[in-house]
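Q: Got a predicted structure here, sequence first:
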Amino acid sequence: MKRLHFEAFRPVCPACRAPGAASAVRVAAIDQATTAAGDWVDLLEGMLECTNPDCLREYPVLDGVPMLVADMSGLLRSSPLHFAFREDIGPRVLSALVDGAGPDSELERLLRFLSHYAPDHYGDLDPEPCPGTAPVAPITQLVGAAVEALGLAPLPEGPESSPLVADLGCGVGRGSFALAAATGGLVVGVDLNLAMLQLASRALRRGRARYPVRRVGMVYSWREHPVDLPGAARVDFWMADAHALPFADASLGLVTSLNLIDCLGDPAAHLRELDRITAPGGKLALCTPYDWSPNATAAPGWIGGHSQRAVDGGASEPRARALFGGPLLPRIALQAEVHALPWQLRVHDRSTMHYQTHLLVGQAG
């Protein structure tokens with residue numbers, strides 16, 4: 001956790017935050033950190049703590065990633081492997097572990113998840129890209145389209161002039177770097193998957209990406225290569241829940257939620273958070289391919305995709321447009337949209353999923 005970002009974003013406790021009131025989070029313990037002039041610059045391992053004496057919730061920092069999640073115990077119980085996954089396992093032992101765990105085990109699902117996203121974020125920087133790798137990272141194309149639709153231009157570097165940017169659902173992080181390079185802002189990439197955030201953190205702090213690539217079935221190999229990422233000095237990665245974010249009300253100049261909302265259990269709660277944290281005059285970029293699944297979101301929470309007897313025939317696009325200025329996004333007016341942006345995810349050597357994602361951008365009043 002970079003000190004520059006901690007002091008600029010001033011995180012608040014997601015556990016005891018109430019409407020109109022928020023408790024600051026402080027650094028309570030420093031176990032590993034880089035330092036300069038006798039003070040910490042980048043906290044790699046330690047503890048944050050809520051300053052509210054009636055709360056005092058603790059938030060660990062691991063591998064440079066602060067875990068600002070209200071229900072940490074629930075997350076640990078539901079996804080323990082995310083907190084124990086090792087990227088230094090060799091291919092022989094990894095193969096034995098995956099074969100032993102079997103298809104669709106927690107280990108194989110985690111590897112598959114990383115293999116979906118990492119090549120599409122960093123594969124274009126690989127000197128020997130694996131089959132199915134796009135020549136230009138799809139996430140950078142989405143960010144570029146969002147920046148263009150928002151009418152943004154890079155500002156001079158420096159905390160006084162730079163916007164504060166939250167990249168929600170950042171995954172393994174390439175989009176956060178692209179946002180920093182495109183806007184000149186300070187960017188915090190936010191996700192709930194620690195394994196993905198650790199991959200992003202290693203790319204940030206080591207300048208190298210290492211990730212598993214699915215060849216076929218349960219057969220995985222490792223890819224490792226350098227990554228030269230413009231804007232990296234202005235990027236940090238935090239763990240947080242998109243339904244309960246650790247940012248103060250109306251505190252961010254730009255918020256992005258790219259291909260996230262159809263992966264959430266409660267899209268309405270996420271939309272309320274987007275409205276809450278965007279500053280007056282601030283901008284919001286929201287995009288989704290509307291790939292609804294009951295495994296992620298119960299059908300009543302879908303934005304379209306059901307009730308085809310309604311006047312809109314169950315279409316998602318008109319319902320998404322109506323969100324802006326509506327009960328969930330009352331402060332944000334729709335400014336522009338791009339109906340169909342190509343986006344892809346690599347499945348394995350012989351399979352790639354192709355989407356058309358819908359981008360909507362707005363501004364808070």
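A: Looks like it arrived, so ask away.

Q: any idea how the protein splits into domains?
A: 1-67, 69-364 (automatic domain parsing).

Q: Tell me which of these sits most buried.
A: domain 69-364 (a mean of 18; mean count of other Cβ atoms under 10 Å). The way it works is simple: take the backbone N, C-alpha and C, and place the C-beta from them, glycine included.

Q: Let me see the mean pLDDT of stretch 337-350.
A: Averaging pLDDT along stretch 337-350 gives 94.

Q: With stretch 101-115 instead?
A: Here the average pLDDT along stretch 101-115 is 94.

Q: Please compute how far that stretch lies from its chain's middle.
A: Its chain's C-alpha centre and that of stretch 101-115 lie 20 Å apart, by Cα atoms, centre = their mean, to the nearest Å.

Q: and if you look at stretch 181-193?
A: Here stretch 181-193 shows a centroid-to-chain-centroid distance of 8 Å under the convention Cα atoms, centre = their mean.

Q: so how far does it reach from one end to the other?
A: 24 Å (Cα to Cα, to the nearest Å).

Q: Run through the residues that contact Leu186.
A: The neighbours of Leu186, taking Cβ atoms under 8 Å, 6 or more residues apart in numbering as the test, are 4-5, 8-9, 159, 162-165, 180, 234.

Q: Among those, which ones are in helices?
A: 4-5, 8-9, 180 (DSSP state H).

Q: for those, which one is nearest Ala21?
A: Phe9 (18.0 Å; Cβ to Cβ).

Q: Next, work out how far apart Ser152 and Thr288 are.
A: Ser isn't right for residue 152; it's Leu. Going from Leu152 to Thr288 by Cβ to Cβ, to the nearest Å gives 20 Å.

Q: Identify the single longest strand in this protein, thanks.
A: Criterion DSSP state E: the longest strand present in the chain is strand 332-348.

Q: Tell me which strands the following helix or strand past that one pairs with, and in which orientation.
A: Next helix or strand after strand 332-348 toward the C-terminus (DSSP states H and E): strand 351-364. Here strand 351-364 is paired, per DSSP bridges, with strand 278-288 (antiparallel), strand 332-348 (antiparallel).

Q: now those in JSON lines, with distance to Val213?
A: Supplementary listing: those in JSON lines, determined by distance: least, Cβ to Cβ, whole Å:
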{"stretch": "strand 278-288", "distance to Val213": "26"}
{"stretch": "strand 332-348", "distance to Val213": "8"}
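
Q: which one of the ones you listed lies closest to Ala248?
A: strand 278-288 (9.8 Å).

Q: and whichever helix or strand comes after that closest one, C-alpha only, in CSV?
A: Downstream of strand 278-288, the first helix or strand assigned by DSSP H and E is helix 316-323. Only the C-alpha atoms of helix 316-323 are listed here, as CSV (Å, rounded to 0.1, in the frame of the first residue of the first chain):
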residue,chain,number,x,y,z
SER,A,316,-30.9,-4.8,-20.8
GLU,A,317,-29.8,-1.7,-22.6
PRO,A,318,-32.8,0.5,-22.0
ARG,A,319,-32.9,-0.6,-18.3
ALA,A,320,-29.2,0.3,-17.9
ARG,A,321,-29.8,3.8,-19.5
ALA,A,322,-32.7,4.4,-17.1
LEU,A,323,-30.4,3.8,-14.1
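
Q: Need the residues that contact helix 316-323.
A: With contact meaning Cβ under 8 Å, 6+ apart, helix 316-323 is reached by 271, 286, 288, 290, 302-305, 312, 329, 334, 337, 339, 358, 360.

Q: which one of those is nearest Asp262?
A: The closest of these, once distances to Asp262 are taken by Cβ to Cβ, is Thr288, at 5.1 Å.

Q: residues touching the closest one, list them.
A: Going by Cβ under 8 Å, 6+ apart, the list of residues near Thr288 reads 259-262, 303, 316, 320, 357-358.
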